[in-house]
Structure formats: C-alpha cells, structure tokens
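**Student:** quick one, what's the 3D model for this:
(one chain, ligands or ions: 1)
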Amino acid sequence: MRKYDKKTNELELAVCNCCGKQLLIENGVLKEGICSVDVTWGYFSKKDTSIHHFDLCEECYDKLTAQFAVPVKEEEETEVGWTSL
Ligand SMILES: [Zn+2]
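**Tutor:** Numbering: from 1, shown residues only. A predicted model of the protein is given here:
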C-alpha cells in the first residue's frame, strides 16, 4: 500500500500488504526494496475489470516466490533509474 502527498505527489507512506511493515522513506524516496503490483483484471477473469494494487516488502516477496513451482525469471537491469518503481 502506497500513499502519496496530495499536493506534492511525493511518496509519504509505503506499507507491505502482507506483513504490515512500514518501509523506510526519506524525502519522498523509498529506501528499501518493494514489489509493487498493479493488476487490471480483464473481462475473462472472475473479477471483471476491477483493478487491484498491493505492495510487498522484500522479505514477504522472498517468502512468496519461494513457494512458486516455476521460479521467478531474473534479469540484470543495466541502468537503475529513479523512476524504476
Ligand atoms: Zn512484508
């Protein structure tokens, strides 16, 4: 769960939806790893075009992906940018 300041649009709060941990933010910049998921469920899903958002801290992400039958596909990012969230 992410909360942005209405005036400045700066990130002011980021909470892991799984464990409730509050992630560290300094001057609107997230200082920890986060897995931000935004899903738009399509017509053929049972959720009929509803949009879901959630965020996971790195620990919860690791726990979740450790249960996958098929492992996460990993690639190296050549350039780590500010806007790569
Ligand atoms: Zn967590």
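
**Student:** distance of the residue of the chain most remote from its centre from residue 51?
**Tutor:** Taking Cα atoms, centre = their mean as the measure, the residue most remote from the mean C-alpha position of the chain is residue 44, 24.4 Å away. Distance of residue 44 to residue 51, given as Cβ to Cβ, to the nearest Å: 16 Å. C-beta here means a position set from N, CA and C on the backbone, and glycine is covered the same way.

**Student:** was I right to think residue 12 contacts residue 27?
**Tutor:** No - counting by Cβ atoms under 8 Å, residue 12 does not reach residue 27; the two are 10.3 Å apart.

**Student:** more neighbours: which of the two?
**Tutor:** residue 12 (13 against 7; other Cβ atoms under 10 Å).

**Student:** so that one is in which element?
**Tutor:** Secondary-structure assignment from DSSP states H and E places residue 12 in strand 11-14.

**Student:** and the next helix or strand after that strand, what does it pack onto?
**Tutor:** Downstream of strand 11-14, the first helix or strand assigned by DSSP H and E is strand 25-26. Counting contacts by 3 or more Cβ pairs under 8 Å, 6 or more residues apart in numbering; DSSP states H and E, strand 25-26 is packed against strand 11-14.

**Student:** hmm, the strand it packs on in reach of the ion?
**Tutor:** No - if you take Cβ under 5 Å from the ion as the test, strand 11-14 misses the ion, and the best it gets is 10.8 Å.

**Student:** make residue 1 into 27 and carry on from there
**Tutor:** With the count now opening at 27, the last piece we talked about shows up as strand 37-40.

**Student:** which of the residues in that strand are buried?
**Tutor:** Residues of strand 37-40 classed as buried by neighbour count (16 or more other Cβ atoms under 10 Å): 37, 40.

**Student:** sheet partners, orientation included, of it?
**Tutor:** Strand pairing for strand 37-40, determined by DSSP bridges: strand 28-30 (antiparallel).
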